[in-house]
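In: Please work out how this folds:
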Amino acid sequence: MSYDLENYYYHTVSKDDVEKVYQVLESILKDGLIKSQQMLNKNEKKFNDLNYISLSSYTEDGKYKSFILDEDSYKESKLANMFNDYNSYLEYMSLDNFLEEPITRDEYFYKHNTSRKKDYYHYLDSISRTYPVDISYLFRKTNDKVYKYILDITQEDVINCYKSDNCFDEYVRKSKSITFVFPKSIDVVNVSVIPNLPSDIEFKLVEKISNDSNRYSNQIGEVQIKDLIDVHKAIGIIVSNEINKDLIRQMITVNNYKFRLFELNKDYLKEI
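Out: Below is the predicted model:
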C-alpha cells in the first residue's frame with residue numbers, strides 16, 4: 001500500500017548517526033514521547049529554540065533559490081544596480097546553488113580527518129552560490145520585526161543569502177536514519193520562513209529571537225511543536241537503507257507499538 005507524501009508531517013531522528021539511532025529510538029519508544037532540546041537537557045540554539053521540535057511537510061521546490069521581488073519592486077530596489085535587467089535577475093536567482101559538485105560528509109570527514117559537522121557545513125558554504133535578497137523590501141512588505149533585526153545587525157539593505165533549503169529534502173530524503181510519520185490532524189505551530197542567511201548573521205539573529213513568541217525558520221516546509229510529541233500519534237516510521245529493518249520491527253513489537261514501516265519513494269511512501 002502507498003501513501004501520499006503531502007498528507008503527513010515528518011520528524012527524523014539522528015539523521016546522520018546510524019550507530020546512535022537504535023539507542024535514541026529505544027528511549028523514545030519507552031517514554032512514548034519525542035522531546036524538545038530543553039527536555040533532553042541540550043542547549044544548542046537553533047531557529048526552533050530549545051523548547052520547540054521541528055517537523056517537515058512535503059513541499060516541492062520552487063524555480064528560484066531564494067526570495068525574489070516582483071518587477072516593479074525590483075526596479076525600485078538596489079538589486080536593479082546589480083543586474084542588466086529583471087530577466088537577468090530572475091535567471092541568476094534560478095542558477096544551481098553549488099559552484100562545484102560537493103563531496104559527501106563521510107568523504108569530507110575521511111579526507112580532512114575530522115568529525116566536526118560545522119567543518120563540513122563551512123565547506124559547503126565555501127562552494128555554494130549566494131543570492132542577493134532585499135531585506136529592506138521584506139521589512140516594508142511584511143512589517144515583521146525579524147527583518148528589522150537583520151537590518152540592525154548588518155546595516156545593509158541587500159544581503160547575499162544561501163539557497164533556501166527544503167526541510168523535507170534535507171531531513172527526510174537525505175536521512176540515513178528513521179523518520180516518524182504523523183497525520184496532519186496533529187496540532188502544529190506554523191512558522192515564518194525567512195532567507196537562509198550567512199552563518200555569522202544567523203547566529204546573532206537566533207540569539208536575538210530566542211525568546212520571541214513568533215516562530216521562524218530558514219527551511220521551506222518546516223512546522224513546529226512545543227515541548228513534546230506523543231509518539232503514539234504516529235502512523236509509522238520511514239526506515240532508510242542504512243538501518244536494520246528487522247531490528248526496528250523487533251523494537252516496535254517489544255515496546256507494544258503497531259507502527260507501519262515505510263520506505264520513501266520519489267512521490268509516495270510505500271509500506272514494507
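
In: Tell me where the stretch 101-250 of the chain has strands.
Out: Taking DSSP state E, counting those that start in this stretch, the strands of the stretch 101-250 of the chain run over residues 131-134, 158-161, 165-166, 178-183, 189-190, 192-193, 216-217, 219-220, 222-226, 228-230, 236-239.

In: Kindly state which of those strands is positioned closest to residue 81.
Out: Across those, residue 81 has its closest neighbour in strand 158-161 (9.4 Å, CB to CB). Every residue, glycine included, has its C-beta placed from N, CA and C.

In: Read off the pLDDT value for the residue lying closest to residue 66 once chain neighbours are set aside.
Out: Excluding the flanking residues, the one nearest residue 66 by CB to CB, 6 or more residues apart in numbering is residue 131, at 4.1 Å. Residue 131 is assigned a pLDDT of 98 by the prediction.

In: is residue 131 in a bridge, and if so with what?
Out: Legend: beta-bridge partners of residue 131 under DSSP bridges are residue 161.

In: Mind checking the strands of the stretch 101-250 of the chain for the one nearest to residue 116?
Out: Closest to residue 116 of these, according to CB to CB: strand 165-166, at 20.2 Å.

In: distance of the spatially closest residue to residue 47 that is not a sequence neighbour from residue 37?
Out: Among residues not flanking residue 47 along the chain, residue 217 sits closest, at 4.9 Å (CB to CB, 6+ apart). Look at residue 217 and residue 37: by CB to CB, to the nearest Å, they are 15 Å apart.

In: Just want to know which of the two has more residues nearby.
Out: Remark: of residue 217 and residue 37, residue 217 carries more neighbours, 23 against 17, as counted by other CB atoms under 10 Å.

In: which residues touch the residue nearest the centre of the chain?
Out: Ranked by distance to the mean C-alpha position of the chain (CA atoms, centre = their mean), the top residue is residue 167 at 3.5 Å. By CB atoms under 8 Å, 6 or more residues apart in numbering, residue 167 lies in contact with 54, 56, 57, 59, 217, 219, 220, 221, 222.

In: now swap in residue 190 and tell me
Out: Shown in contact with residue 190 (CB under 8 Å, 6+ apart): 215, 223.

In: partner residues bridging it?
Out: When bridges are called by DSSP bridges, residue 190 pairs up with residue 223.

In: Okay, it and residue 67: tell me how far apart.
Out: As defined by CB to CB, residue 190 lies at a distance of 18 Å from residue 67.

In: same check, this time on residue 75
Out: According to CB to CB, residue 75 and residue 67 sit 17 Å apart.

In: what's the answer for residue 177, then?
Out: 31 Å.

In: what do you get for residue 242?
Out: In terms of CB to CB, residue 242 sits 35 Å off from residue 67.

In: More neighbours: which of these two?
Out: The residue with more neighbours, out of residue 242 and residue 67, is residue 67; 20 against 12, by other CB under 10 Å.

In: Next, count neighbours for residue 135.
Out: Neighbours of residue 135 under the rule other CB under 10 Å: 26.

In: what sits against it?
Out: Contacts of residue 135 by CB under 8 Å, 6+ apart are 147, 150, 151, 154, 156, 157, 158, 159, 195.

In: Now, those residues that are in helices?
Out: Using DSSP state H, the members of these that fall in helices are 147, 150, 151, 154.

In: most neighbours, which of the residues you listed?
Out: Busiest of those [other CB under 10 Å] is residue 150, holding 25 neighbours.

In: Would you check how far apart that residue and residue 253 are?
Out: 49 Å.

In: Buried residues in stretch 255-262, which are they?
Out: Burial within stretch 255-262, assessed by neighbour count using 16 or more other CB atoms under 10 Å, is assigned to 259, 260, 261, 262.

In: Just name the closest of those residues to residue 205, please.
Out: Taking CB to CB as the measure, residue 205 sits nearest to residue 262 out of those, at 35.6 Å.

In: Hmm, residue 271 and that closest one touching each other?
Out: Yes. Judged on CB atoms under 8 Å, residue 262 makes contact with residue 271 at a distance of 5.9 Å.
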